[in-house]
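# My questions concern the predicted model and sequence given below.
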Amino acid sequence: MRTWMAGKGLIITEKPSVAKDVVAALGGFEEKSKGEYYESDDFICTYAVGHILTLLEPEDISTAFKRWRLADLPIVPEEFKTKPVPKQKNRLAVIKKLIERKDVTYFVNACDAAREGELIFREIVKYVGLQKPVKRLWLQSMTKKAILDGFENLQNGEKYEGLAAAAECRANADWLIGMNATRALTVRLKSKNQRGVSWSAGRVQTPTLSLLVEREMEVLEHMPQSYWTVQGNFEINGQVYDGTWYDPNFDKKNATREFKEDRIFDKAKAEQIITAIKGKAALASEVRKPSQRAAPLLFDLTSLQRTANTRFGWSATRTLRAAQRCYETHKVLTYPRTSSKVLPEDYRPEVERVLVSFAGIPEFAPHAKHLQGAGLLNQDKIFNNEGVTDHFAIIPTGEIRAMEGDDQKLFDLVSRQFMAAFYPPSVYEEVERTTVVADNLFRSRPPRVLKTAGWEAVFGKVPDNGDKAFAALVAGKDKAEGVTVQSHDAVVEEHETKPPARISEAGLLSLMENAGRQIENEEISQALRGADGLGTAATRADIIENLKNREYVDEALRATPKGIRLIDILHRVKASRLTSAELTGQLEIFLNEVEAGQRTAAEFMLEIGTYAKDVVDRTRDFDFEEIFPEVDPLGPCPNCARPVFERAWFYGCSESTKRSDKKACDFLIWKDFNGRYINPNTVRILIEKKVTPELDGFKNANGKSYRATLAIENGKLVRQVTENSEENVSDTNLEVSDEPIAPCPLRCENDCKVMETPQDFACTTKLKSREAGEKRGAGFSFPRMLCKRELKRTDLVSFLETKETPIVYDFISKKGRKFSAKLVMENDWNGFRFEFPPRGKKVAAEGEDVVEAVEGSVLAPEGQMPEAIDAAAAASGPAEKPKKKAPARKTAAKAKGKTAASDDEAADQVPALEKGKKKKSGAATVVP
């Protein structure tokens, strides 16, 4: 090993696993202080745990900033200083002690080979305040050879000054934008019933919210419209098939979303088609062609989160936690927080080693042995040094551990993807048949048929045996034209247009990753693509969870009235740049210039400071009456016929805000009505027709969604709940997989399967009985919402396979107490009970405080929640004691002019009758 200088070098890695890899590769190290660091004759090696320092909050800089006042904004520190992350103080103390050792003469920065890795190392050294020479280890592979080569070619730390400057600028910019925007918005948007509510904003969080708000507004604006389709029925050689009429001259390019080539919006026209084809001859043509599905790439974190969300219904956070446990605890997967889907070119031996390990596992052996015999395909795609970022793709390590629950399921998914990536493509047969009757065209597109399983065999797919095949018009021919078929009676079917589907978590992750594709400015678009879109693979799960925690979106990622209001206000005050991914793209251009030395850090921060001031000015100085002008009335007031206008928090008669006048009209409609945002178009319909169509998205006290109509009666808004709608747990626009989950455990009838519905999981027999109107028909069902906790497909699969679920940590009783329990089968699959962990056993979800649990069980037939749960919950985890109410704080003296008055302008727009509404509280935390 090459000796760089006298004394010992202190190697600092970004995470413990890398420290162990470095120590193993270099050799000669002895573990010290129970693994706190390792030491050899030439080196000491220790590690961070990601960012162990964070920027000071405003109140840390000055006690004057403890009170949130518009007059203090923008807050621009003279120097951005850091403080230890509370949970990492001990880790920082270990590193500090090693840095200060007299025999340590230089540092080796072995943090990740990227901007954030450079920042993690630099902020530690800067915080300790002891400067020594720095060498940079730049690794993109963790093989022993790569590590040894890296140490033979250590670079001088000065070479990466530009990268360090860009990293620091990014962190400081996020602080400036987020901290100032959050404080300005929180002060301006507070209302008399929402004191203490934070309006958090940030460079990544707010554009992500904007994506969900935009889709939610599309859904709310949608009004159902009837249309008709014509279904033809044909026969050839005893095979009956259907076809759907379509217009071959349909202008798809200029059509709106709801207009499609097979939709007819005039019932009379549909009936004319039926008349025109009756008794007429029919000729059919078809084309059969193979289509290939290429083997998938390896997983990066975002694609793994998307796949787990689609297959298992997991949130991004749940997937990340399982991946972290597989990496840190079980050591069966490589580092998960990566944005790369490829491997270094020197990793071929590692892949072969993993396959040797998999050949000994029964469920993996057939596929591993196939690859060992047939060889690895797609190597040029998978082994690619240029595609490796600071980490390579997520793959199995070859270690085998006993696991269960989420961890085992995720390991299985990653392992199968790993093997599938080296397989040939799968091959399907696609058929398109066109039947012509009296110049009317009918299209038939049967489901495609799997002919060669290829990589899909790794996931259990097998070629179709022919039972589902769509027989050819002419036997043995892939193309056929003008074949005479028999035409049977056609029918007209009525439908209603549907709003666009709401964005699933998998869809949101994809939109964040590919945000650059939606931006017209090519330079900004390219910069954003180079930065992997909004957020990073490592931060997207946290961004989504923050949106939920701030109550901007609900658990189903549906934008809440609060989230919609924030984006609406930002647009109205012309601060739309904060809602767009373009801001991140522009910052990325500047950061690249800082890294290349084309722009100084001071110039960058001056630019960001100017932008932060602009955001503050726009959010501080606006007048509510100016951004909600009385220029576009929604209709005449039902009480007094004066015009109704949109306000900040409600829609009201032009006289409704004159609270000093006892004769003022009191007609108003709150924008937030039972958890549903009421948009202007809905108000127009209410005023005109006095009743709306059935609407979804209302929430009951348990957080369940239901449908209802709104009506105006005696000048007041009333809600008319649809019959049985309180039982409708989920809104109908959420994605529900139509893939069977498992065979029915009751074996009600042949081929009875358990399916997913918006309300629950139910077998096909149960679903048929519901369709027949039998409220308590035979069959199996399992709830999707229980004790305010959504149960996932994976919970059900575990229940069916083992007769119990894993411990669920976030049930909430009727009294609001959080408790942990398993669901255990009872009554021979016709019920379940809650089983609590043994008394005294410490149980906690990832990242939660440990609580004492009690032993016991509570029977819950047919998914009912008994009152006994409250007693059990009280023992398993006592509810938090209410915090002492802080002494009332005197209102700050108001500054002169419009700014001073604006502190409570939002409150002034809220009529007195709002006083009875429930208050909410929240902390003000800024996220990027």
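Great, that's in hand.

# is it true that V332 touches I400?
Yes. The pair V332 and I400 qualifies as a contact (Cβ atoms under 8 Å) at a distance of 7.2 Å. Glycine gets a C-beta too; all of them are placed from N, C-alpha and C.

# So between the two, which is more surrounded?
Neighbours were counted for V332 and for I400 using other Cβ atoms under 10 Å; V332 has more, 21 against 15.

# Give me the pLDDT value at the more buried one.
Per-residue pLDDT puts V332 at 92.

# wait, what's in contact with it?
Contacts of V332 were listed using Cβ atoms under 8 Å, 6 or more residues apart in numbering, and they are 326, 396-397, 399-401, 403, 411.

# And for the most centrally placed residue in the chain, nearest residue in space, chain neighbours not counted?
In the chain, the centroid-proximal residue (Cα atoms, centre = their mean) is E505; its distance is 3.4 Å. Closest residue in space to E505, ignoring its immediate chain neighbours: N309 at 4.6 Å, by Cβ to Cβ, 6 or more residues apart in numbering.

# That neighbour touches S315, doesn't it?
Yes. At 7.1 Å, N309 and S315 qualify as touching, with contact defined as Cβ under 8 Å.

# List the buried residues for stretch 602-622?
604-605, 607-609, 611-613, 615-620, 622 (16 or more other Cβ atoms under 10 Å).

# wait, I meant stretch 306-314
Going by 16+ other Cβ under 10 Å, stretch 306-314 has these buried residues: 306-309, 311-314.

# next one: stretch 364-377
364, 367-368, 370-371, 376-377.

# same deal with stretch 436-448?
Buried residues in stretch 436-448 (16+ other Cβ under 10 Å): 436-437, 440-444.

# distance between it and the chain's centre?
With Cα atoms, centre = their mean, to the nearest Å as the basis, stretch 436-448 stands 39 Å off its chain's centre.

# Give me the contact list for that stretch.
Residues from elsewhere that reach stretch 436-448 (Cβ under 8 Å, 6+ apart): 230, 232, 234, 241-246, 248, 262, 273, 276-277, 280-285, 291, 428-435, 468, 470, 487.

# again, but for stretch 270-283
For stretch 270-283, contacts defined as Cβ under 8 Å, 6+ apart pick out 228-230, 232, 234, 245, 264, 435-438, 440, 482-487, 489-492.

# what's the neighbour count on P396?
Other residues within reach of P396, judged by other Cβ under 10 Å, total 24.

# How about it: what's its closest non-neighbour residue?
Using Cβ to Cβ, 6+ apart, the closest residue to P396 is S415 (4.9 Å).

# Is the one you found in a helix, a strand, or coil?
Here S415 is recorded as helix under DSSP: H, G, I helix; E, B strand; the rest coil.

# which residues touch it?
Contacts of S415 (Cβ under 8 Å, 6+ apart): 358, 364, 396.

# Quick check: pLDDT value at it.
At S415, pLDDT is 98.

# Report the separation between it and A575.
From S415 across to A575, the span is 47 Å (Cβ to Cβ, to the nearest Å).

# ok, back up a step: any common contacting residues for N309 and S315?
With contacts taken as Cβ under 8 Å, 6+ apart, the residues that reach both N309 and S315 are E505.

# Please identify the residue most distant from the middle of the protein.
In the chain, the residue that sits farthest from the middle, by Cα atoms, centre = their mean, is G279; the gap is 53.6 Å.

# which element is that residue on?
Using DSSP states H and E, G279 sits within no helix or strand.

# tell me the phi and psi of it?
Note on G279: backbone dihedrals following degrees, to the nearest 10 are phi 80, psi 10.

# and A368, which of the three is it?
helix.

# separation between C326 and D406?
9 Å.

# Which residue ranges of the stretch 201-350 of the chain form helices?
Remark: helices assigned in the stretch 201-350 of the chain by DSSP state H, counting those that start in this stretch are 205-221, 267-277, 301-312, 316-328, 348-358.

# Minimum distance to A181: which of the ones you listed has it?
Minimum separation from A181 across those (Cβ to Cβ) falls at helix 205-221, 7.8 Å.

# Pull out the CA atoms of the closest one and give them to me as CSV.
Output in CSV follows, covering the C-alpha atoms of helix 205-221 (Å, rounded to 0.1, in the frame of the first residue of the first chain):
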residue,chain,number,x,y,z
GLN,A,205,-42.1,19.7,-1.7
THR,A,206,-44.2,22.5,-3.2
PRO,A,207,-43.8,21.5,-6.9
THR,A,208,-44.6,17.9,-5.8
LEU,A,209,-47.7,19.1,-4.1
SER,A,210,-48.6,21.1,-7.2
LEU,A,211,-48.7,17.9,-9.3
LEU,A,212,-51.3,16.4,-7.0
VAL,A,213,-53.3,19.6,-6.7
GLU,A,214,-53.4,19.9,-10.5
ARG,A,215,-54.8,16.4,-10.8
GLU,A,216,-57.3,16.9,-8.0
MET,A,217,-58.6,20.0,-9.6
GLU,A,218,-59.1,18.1,-12.9
VAL,A,219,-61.1,15.5,-10.9
LEU,A,220,-63.2,18.1,-9.1
GLU,A,221,-63.9,20.0,-12.4
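
# Begin at 59, not 1, for the rest of this chat.
Renumbered: residue one is now 59, and that last one reads helix 263-279.

# what sits up against that helix?
Residues contacting helix 263-279 (Cβ under 8 Å, 6+ apart): 236, 239, 557-558, 560-561, 566, 569-570, 573, 592-593, 601-602, 604-605, 610-611, 615-617, 621-622, 624-626, 628, 636-639, 641-642, 735, 737, 739-740, 791, 985-986.

# So among the residues you listed, which ones count as buried?
For the contacts of helix 263-279, a burial check counting by 16+ other Cβ under 10 Å picks out 236, 239, 557, 560-561, 566, 569-570, 573, 592-593, 601-602, 604-605, 610-611, 615-617, 621-622, 624-626, 628, 636-639, 641-642, 735, 737, 740, 791, 985-986.

# Residue ranges in the stretch 409-558 of the chain under the pLDDT threshold?
Low-confidence segments of the stretch 409-558 of the chain (pLDDT under 70): 523-527.

# now do 90
Low-confidence segments of the stretch 409-558 of the chain, defined by pLDDT under 90: 444-449, 459, 462, 505, 522-529, 534, 547, 556-557.

# Break down it into its helices, ranges please.
Here the stretch 409-558 of the chain has its helices, by DSSP H, counting those that start in this stretch, at 423-432, 437-440, 463-478.
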